[in-house]
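Asker: this is the structure alone, sequence omitted:
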Ligand SMILES: O=C(O)C(=O)C[C@@H](O)[C@H](O)[C@H](O)COP(=O)(O)O
Ligand SMILES: [Zn+2]
């Protein structure tokens with residue numbers, strides 16, 4: 001039994017609680033939540049609500065959300081940004097600030113991040129900065145955002161030299177994951193979200209890894225029950241981790257499994273070429289191989305991860321950036337200390353740790369899995 005299984009608190013149906021003292025909040029998970037006034041009844045009341053969204057998601061869901069919020073806010077405004085990781089930038093952030101200032105938004109204004117990981121991370125950072133902090137609500141509409149990025153308060157924009165390099169820890173006041181919004185998800189985005197779902201098994205819950213393997217076809221077919229369980233269990237695991245280590249002093253780094261290699265792929269190719277989840281899928285294969293080469297896991301673990309990532313329709317080979325370029329990009333990773341790269345490795349099924357590895361071994365991994 002993993003540590004998590006023995007300490008996780010039971011959750012009410014449809015709700016996962018993040019326990020962070022006065023920054024605690026609930027994640028509401030279920031179908032039909034966008035239009036359900038009861039879900040929004042706990043959001044702080046204010047003069048203005050601002051929905052930050054993108055040009056893909058806005059036309060699908062912003063009106064429904066605005067209508068539900070109409071009973072609690074005197075006005076509901078919208079700022080729409082271009083869609084994609086390439087727009088997780090200072091320019092987009094400034095567009096949000098321009099919109100808020102032009103509309104005379106005060107410091108009680110509540111921001112609503114309606115979209116995927118890019119919108120969630122950027123809106124959260126805007127909320128952390130605007131007038132030194134306004135409340136924000138995460139309304140994730142992609143699988144990746146529902147199982148991972150909307151939870152835990154990591155907010156950021158990218159820098160050309162490194163992913164999520166400019167940001168803040170800033171918790172939302174609520175997360176509303178309406179499973180119906182997954183109906184419009186493109187197949188590529190579904191797979192990208194599955195990468196973060198797959199991640200939780202090896203790092204924290206071996207039984208969940210078995211469950212994901214057994215239900216992957218159902219998840220790919222968008223089976224509602226399977227998706228609901230995947231979102232729910234992922235959020236429970238993330239809540240357990242973040243509740244113990246909000247600011248990544250130690251344990252929280254396990255959520256970065258596959259991300260050291262993955263972020264290098266994203267930055268090296270230019271943001272948006274690969275989706276974040278695609279880079280994480282391939283990054284997990286590389287980090288699994290590293291775990292094997294360091295003698296922590298048997299070779300069968302790598303084979304198992306390759307098979308699962310492939311079945312999720314994610315890439316298992318990284319782009320040919322060159323070994324030195326990979327190493328340079330990874331040296332700016334946030335887990336690096338004094339230029340020494342630190343990787344999340346699997347130490348046993350359901351348990352991860354963070355450690356440095358000799359450059360020669362990392363180079364072998366890069367050469368085995370790229371090009
Ligand atoms: O919440 C976390 O902690 C994570 O590491 C989750 C990751 O899936 C997510 O991509 C996160 O934004 C990466 O954080 P970073 O600190 O490596 O930029
Ligand atoms: Zn991630």
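Answerer: Cool, the structure landed. Since we're looking at a predicted model, the values are computed, not measured. Ligands and ions are numbered 1, 2, ... in the order given.
Asker: which bits of the stretch 51-200 of the chain sit near ligand 1?
Answerer: Residues of the stretch 51-200 of the chain lying close to ligand 1 (C-beta under 6 Å from any ligand atom) are 148, 149, 152, 154, 163, 164, 196. C-beta: built from backbone N, CA, C; applies to glycine.
Asker: same thing but at 8 Å, please
Answerer: Contact residues, the stretch 51-200 of the chain versus ligand 1 (C-beta under 8 Å from any ligand atom): 117, 121, 148-149, 151-152, 154, 156, 163-165, 167, 196, 199.
Asker: and what of the stretch 251-371 of the chain?
Answerer: Within the stretch 251-371 of the chain, the positions near ligand 1 by C-beta under 8 Å from any ligand atom are 252, 253, 255, 256, 259, 263, 276, 280, 333, 334, 335.
Asker: all strands of the stretch 201-350 of the chain, in order?
Answerer: Counting by DSSP state E, counting those that start in this stretch, the stretch 201-350 of the chain has these strands, from start to end: 342-348.
Asker: which residue does it have closest to ligand 1?
Answerer: Closest to ligand 1 within the stretch 201-350 of the chain is residue 255: 3.6 Å, counting by C-beta to the nearest ligand atom.
Asker: domain ranges for this protein?
Answerer: Here the domain parsing of the chain from automatic domain parsing is 31-184, 187-368.
Asker: for the spatially closest residue to residue 136 that is not a sequence neighbour, the count of nearby residues, please.
Answerer: Leaving aside its chain neighbours, residue 136 sits nearest to residue 127 (3.6 Å; criterion: C-beta to C-beta, 6 or more residues apart in numbering). Applying other C-beta atoms under 10 Å, we find 29 residues neighbouring residue 127.
Asker: swap in residue 103?
Answerer: Residues near residue 103, counting by other C-beta under 10 Å, number 13.
Asker: what's across from the closest residue to it other than its chain neighbours in the sheet?
Answerer: Nearest residue to residue 103 in three dimensions, chain neighbours excluded: residue 77, at 5.5 Å (C-beta to C-beta, 6+ apart). For residue 77, the beta-bridge assignment (DSSP bridges) gives partners residue 50.
Asker: correct me if wrong: residue 77 contacts residue 99.
Answerer: Yes: under the criterion of C-beta atoms under 8 Å, residue 77 makes contact with residue 99 at 7.2 Å.
Asker: for the stretch 1-150 of the chain, which spans come out with low pLDDT?
Answerer: 1-13 (pLDDT under 70).
Asker: just say helix, strand or coil for the residue of the stretch 101-250 of the chain at minimum distance from ligand 1.
Answerer: Nearest residue of the stretch 101-250 of the chain to ligand 1: residue 164, at 3.2 Å (C-beta to the nearest ligand atom). Three-state call for residue 164 (DSSP: H, G, I helix; E, B strand; the rest coil): strand.
Asker: please report how far it lies from residue 205.
Answerer: As judged by C-beta to C-beta, to the nearest Å, residue 164 and residue 205 stand 25 Å apart.
Asker: what are the ranges of the helices in the stretch 51-200 of the chain?
Answerer: Along the stretch 51-200 of the chain, counting by DSSP state H, counting those that start in this stretch, helices occupy 58-69, 90-102, 117-129, 143-144, 187-204.
Asker: quick one: the longest one to strand 342-348, angle?
Answerer: Think helix 187-204. Angle, helix 187-204 to strand 342-348, by axes from the mean of the first three to the mean of the last three C-alpha atoms, to 10 degrees: 70 degrees.
Asker: what distance separates helix 187-204 from the centre of its chain?
Answerer: 10 Å (C-alpha atoms, centre = their mean, to the nearest Å).
Asker: buried stuff in that helix?
Answerer: By neighbour count on 16 or more other C-beta atoms under 10 Å, the buried set for helix 187-204 is 189-204.
Asker: ok, those residues vs residue 312, which is closest?
Answerer: Of all these, residue 312 sits closest to residue 194, with 4.3 Å by C-beta to C-beta.
Asker: skip the chain neighbours and tell me the closest residue to that closest one.
Answerer: Nearest non-adjacent residue to residue 194, counting by C-beta to C-beta, 6+ apart: residue 312, 4.3 Å away.
Asker: check the spacing between that neighbour and residue 299 real quick.
Answerer: Counting by C-beta to C-beta, the gap from residue 312 to residue 299 is 21 Å.
Asker: and these two? Which one has more around it.
Answerer: The neighbour comparison of residue 312 against residue 299 (other C-beta under 10 Å) goes to residue 312, with 23 against 11.
Asker: for that one, give me the pLDDT.
Answerer: We note a pLDDT of 98 for residue 312 in this prediction.
Asker: again with residue 159
Answerer: Listed pLDDT for residue 159 reads 97.
Asker: spit out the contact partners of it.
Answerer: Residues near residue 159 by C-beta atoms under 8 Å, 6 or more residues apart in numbering: 165, 166.
Asker: just residue 134 next, same as before
Answerer: Contacts of residue 134 by C-beta under 8 Å, 6+ apart are 105, 107, 108, 109, 110, 111, 127.
Asker: same check on residue 192?
Answerer: When contacts are counted by C-beta under 8 Å, 6+ apart, residue 192 touches 142, 143, 144, 275, 276, 277, 278, 280, 281, 314.
Asker: mind checking which of the residues you listed are in helices?
Answerer: Of the contacts of residue 192, the ones assigned to helices by DSSP state H are 143, 144, 276, 277, 278, 280, 281.
Asker: can you tell me, leaving aside adjacent residues, what's nearest to the first one?
Answerer: Read it as residue 143. In space, and not counting its chain neighbours, residue 143 is closest to residue 193: 2.6 Å by C-beta to C-beta, 6+ apart.
Asker: roughly how far apart are the one you found and residue 116?
Answerer: Plainly put, residue 193 is 9 Å away from residue 116 if you go by C-beta to C-beta.
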